[in-house]
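[1] Dropping the sequence and predicted coords here.
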Amino acid sequence: MASNKLIVYQVFTRLYGNRKVTRKEYGTIEENGCGKLNDFTPTTLKRIREMGVSHIWYTGVIRHASQTDYSAYGIPRQHPAVVKGRAGSPYAITDYYDIDPDLATDVNKRMQEFEALVARSHKAGLKVIIDFVPNHVARQYHSICKPEGVKDLGEEDNPQLGFDPQNNFYYCPGQRFTPYFDLYHGEVEAYLEEPAKATGNDCFHNAPGMNDWYETVKLNYGLDYYAGRVGHFKPIPNTWDKMTDILLFWASKGVDGFRCDMAEMVPAEFWHWATDKVKFRYPEMLFIGEVYNPAEYRNYLAAGFDYLYDKVGMYDTVRAVICGHESAHAITGAWQQTDDIRDHMLYFLENHDEQRVASSFFAGNGRKGVPGLVVSALLQQNPLMIYAGQEYGERGMDKEGFSGNDGRTTIFDYWSVDTLVRAAKHKLTAEEQALKAVYDKVISIAVNQNAVTAGNCFDLMYANGHLHRQYAFLRKAGNEVLLVITNFADNTTMVNVNIPAHAFDYLKLKEKNAIAVNLMDDSKVHITLKRDAAVSVEVPGNGAVVLSFKA
């Protein structure tokens, strides 16, 4: 399957392979179980690859803060007062050079197990993405696996200075860490941090609140926040070297890309410097940035990012259309905002931060997400991301513990994902199997149709002011044409789509009668193509037709 269309499949590694269904709220690893790296067998990886996936993102593989005690293996124990949930957040890293012991079958061989997973993934035809978490670390960060000669983060800091360009952290000199919660958390000894370090979400005082990222501390890249974000980048800040070395360490393990957490909270100057160094050694390395400020998109692409999350544009808009809060015309405005950088925008309907499409907080049913999936997958040549379980309509409506019932699949608790467990046991409902078949079909069209992977796009909405619950566009490469009509309405609808004369000129289409094949179900449809005239097609509710014909 040769395609330049990236399909990223995100797996929350701790949850994906866990088949234990105890699901006790706030359960321990012994009670609720935990997925392992070894659960990604060649058969499992082959199945993921056969969906049309090109890249697998193993979320949460680097060792992070947890309430599970691995001190018997020489791994420092974390104080539970500064860990969110029993399993802990994978974005509170405790050792950038280590693999999370929860994921290992043999804790002492955890790095070898990860290296074997990378090799298995590559053998299955999948490229490997892992998280790089550059903005913050766990409060008790301490590397026991750093290479010889590497100084630990903060090891050479002067904590008497709130800011110093060569410090790795920011400090609150003379102040003890006094957050909103009890610092004992059931322990005999309280958690002690003095002077307090600044918290990860740019909280530069010693008393973070409930909604702060209180389990993390902010890394210092030479930006003086105390003086209004003044940059001190000459000489190169110490943190730049340390973090670039970490990227190179994982690149040497065969990783093919990094999904960079909260990339915009780290100065673009660092990214320019670091990506340049990594790509000099590993030219094919991918950098995917979690950037939410559209005004910064072009800065971060110029700094070496290959792809950025299109969250506040395309995701938010498609979600609003699915939920009936916006007209389908809003999608046109969303893609136009990033038209000059469209090949660099990563589209998605779900990830670990967002609510599940099928949750009661979003659409209530995974099927309602199908028209949004079709738009996200087929509108442009840019990448698409799927979150494991999305293809089955996973609801994410569990009350797992720290996470609570919020329509998201927990990242803080030991748990198992209902649809993933039943899929592994071949116990999906007919509805779930049908949804999975739709996902397979849409991804197959996205990666195998030349009109999608290499073609031009023509948005038809400006000539179809009457459409509000339907969205239509053309894709064309060579003489291959696709007319895509999505239906966000619940009911089957006869849709009249006007094809303006400009579309004929721009795409070099001929007026003619044609027999088109609907790639969604292989049925044949007779259509008449005329300038400034309508094509009438019946489109299923919460569905789409993808009509393929020759120009």
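    Yes, it's here.
[2] Every contact and neighbour count from this point should use C-alpha atoms.
    Will do.
[3] tell me the phi and psi of residue 48?
    The phi/psi pair for residue 48 (degrees, to the nearest 10) reads phi -70, psi -40.
[4] If I look at the most centrally placed residue in the chain, what pLDDT would I see?
    Residue closest to the mean C-alpha point of the chain, counted by C-alpha atoms, centre = their mean, is residue 351 at 4.9 Å. Residue 351 is assigned 98 on the pLDDT scale.
[5] The closest residue to it other than its chain neighbours - how many residues pack around it?
    Leaving aside its sequence neighbours, residue 351 sits nearest to residue 387 (C-alpha to C-alpha, 6 or more residues apart in numbering; 5.3 Å). Using other C-alpha atoms under 10 Å, residue 387 has 20 neighbouring residues.
[6] Can you list the low-confidence ranges for the stretch 1-150 of the chain?
    Scanning the stretch 1-150 of the chain with the threshold set as pLDDT under 70 gives 1-3.
[7] Helices of that one, start to end?
    According to DSSP state H, counting those that start in this stretch, the stretch 1-150 of the chain carries its helices in the segments 13-16, 29-32, 42-50, 110-123.
[8] So which of the ones you listed has the densest surroundings on average?
    helix 13-16 (a mean of 24; mean count of other C-alpha atoms under 10 Å).
[9] So what touches that one?
    Helix 13-16 is contacted from outside by 34-37, 58-61, 102-103, 388, 414-417, 420, using C-alpha atoms under 8 Å, 6 or more residues apart in numbering.
[10] ok, now which ones touch the residue nearest to the centre of the chain?
    Per C-alpha under 8 Å, 6+ apart, neighbours of residue 351: 10, 385-387.
[11] for the longest helix anywhere in the chain, packing partners?
    Taking DSSP state H as the assignment, the helix of the chain that covers the most residues is helix 430-448. Packing partners of helix 430-448 (3 or more C-alpha pairs under 8 Å, 6 or more residues apart in numbering; DSSP states H and E): helix 370-378, helix 450-453.
[12] Flag every buried residue along stretch 484-494.
    Of all the residues in stretch 484-494, those buried under the rule 16 or more other C-alpha atoms under 10 Å are 484-489, 493.
[13] and the residue nearest to the centre of the chain, what helix or strand is that in?
    Residue 351 is part of no helix or strand when elements are defined by DSSP states H and E.
[14] The one 10 residues further on now?
    When secondary structure is defined by DSSP H and E, residue 361 falls outside every helix and strand.
[15] Report the secondary structure state of the residue lying closest to it once chain neighbours are set aside.
    Using C-alpha to C-alpha, 6+ apart and skipping the chain neighbours, the partner closest in space to residue 361 is residue 407 (6.1 Å). Following DSSP: H, G, I helix; E, B strand; the rest coil, the label given to residue 407 is coil.
[16] just residue 527 next, same as before
    At residue 527 the chain is in strand, as set by three-state DSSP.
[17] Identify the nearest residue to it in space, disregarding sequence-adjacent positions?
    residue 514 (5.4 Å).
[18] mind listing what the helix or strand hosting the one you found pairs with, with the direction of each?
    Element membership for residue 514, per DSSP H and E: strand 512-518. Counting by DSSP bridges, the strands paired with strand 512-518 are strand 523-529 (antiparallel), strand 543-550 (antiparallel).
[19] Extract the CA atoms of that strand and return them as CSV.
    Extracted C-alpha coordinates of strand 512-518, given in CSV (Å, rounded to 0.1, in the frame of the first residue of the first chain):
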residue,chain,number,x,y,z
LYS,A,512,-21.6,14.2,-19.8
ASN,A,513,-23.7,11.4,-18.5
ALA,A,514,-21.7,9.0,-16.4
ILE,A,515,-22.0,5.8,-14.4
ALA,A,516,-20.4,6.5,-11.1
VAL,A,517,-19.4,3.9,-8.5
ASN,A,518,-20.2,4.8,-4.9
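[20] Run through who's touching that strand.
    Against strand 512-518 from outside (C-alpha under 8 Å, 6+ apart): 523-530, 545-549.
[21] Filter the residues you listed down to the buried ones, ChimeraX style.
    Applying 16+ other C-alpha under 10 Å to the contacts of strand 512-518, the buried members can be selected in ChimeraX as follows:
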select :527,529,530,545,546,547,548,549
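[22] between the contacts of strand 512-518, which is nearest residue 359?
    residue 545 (25.4 Å; C-alpha to C-alpha).
[23] Other residues contacting stretch 457-477?
    Residues from elsewhere that reach stretch 457-477 (C-alpha under 8 Å, 6+ apart): 321, 327-329, 332, 379-380, 450-452, 454-456, 481-489, 495, 497-500, 503, 507.
[24] swap the cut-off to 7 Å and go again
    Applying C-alpha atoms under 7 Å, 6 or more residues apart in numbering, the contact partners of stretch 457-477 are 327-329, 379-380, 450-452, 454-456, 481-489, 497-500, 503, 507.
[25] With stretch 177-193 instead?
    79-81, 176, 194-196, 206-210.
[26] Recalculate using a threshold of 6 Å.
    With C-alpha atoms under 6 Å, 6 or more residues apart in numbering as the test, stretch 177-193 has contacts from 81, 176, 196, 206-209.
[27] Next: stretch 488-502.
    Contacts for stretch 488-502 (C-alpha under 6 Å, 6+ apart): 371, 469-470, 531-542.
[28] host element of the residue nearest to residue 196 when sequence neighbours are not counted?
    Counting by C-alpha to C-alpha, 6+ apart, residue 196 lies nearest to residue 177, which is 4.5 Å off, once chain neighbours are set aside. Secondary structure from DSSP H and E places residue 177 outside every helix and strand.
[29] And stretch 137-144, end to end?
    Stretch 137-144 has an end-to-end distance of 15 Å (C-alpha to C-alpha, to the nearest Å).
[30] Check what contacts that stretch and list those residues.
    Against stretch 137-144 from outside (C-alpha under 6 Å, 6+ apart): 92-95, 215-217.
[31] Reformat these as CSV; add neighbour count and distance to residue 73.
    Shown next, in CSV, are the contacts of stretch 137-144 (neighbours: other C-alpha atoms under 10 Å; distance: C-alpha to C-alpha, whole Å):
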residue, neighbour count, distance to residue 73
92, 29, 20
93, 31, 18
94, 26, 15
95, 24, 14
215, 24, 23
216, 27, 24
217, 27, 25
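[32] What distance do you get for the closest residue to residue 320 other than its chain neighbours to residue 316?
    Excluding the flanking residues, the one nearest residue 320 by C-alpha to C-alpha, 6+ apart is residue 326, at 5.4 Å. Counting by C-alpha to C-alpha, the gap from residue 326 to residue 316 is 10 Å.
[33] same question, residue 78
    In terms of C-alpha to C-alpha, residue 78 sits 37 Å off from residue 316.
[34] Neighbours of the closest residue to residue 206 other than its chain neighbours, how many?
    Leaving aside its chain neighbours, residue 206 sits nearest to residue 177 (4.9 Å; criterion: C-alpha to C-alpha, 6+ apart). Counted with other C-alpha under 10 Å, residues neighbouring residue 177 total 19.
[35] Which parts of the stretch 451-551 of the chain are strands?
    456-459, 470-477, 480-487, 493-499, 512-518, 523-529, 533-539, 543-550 (DSSP state E, counting those that start in this stretch).
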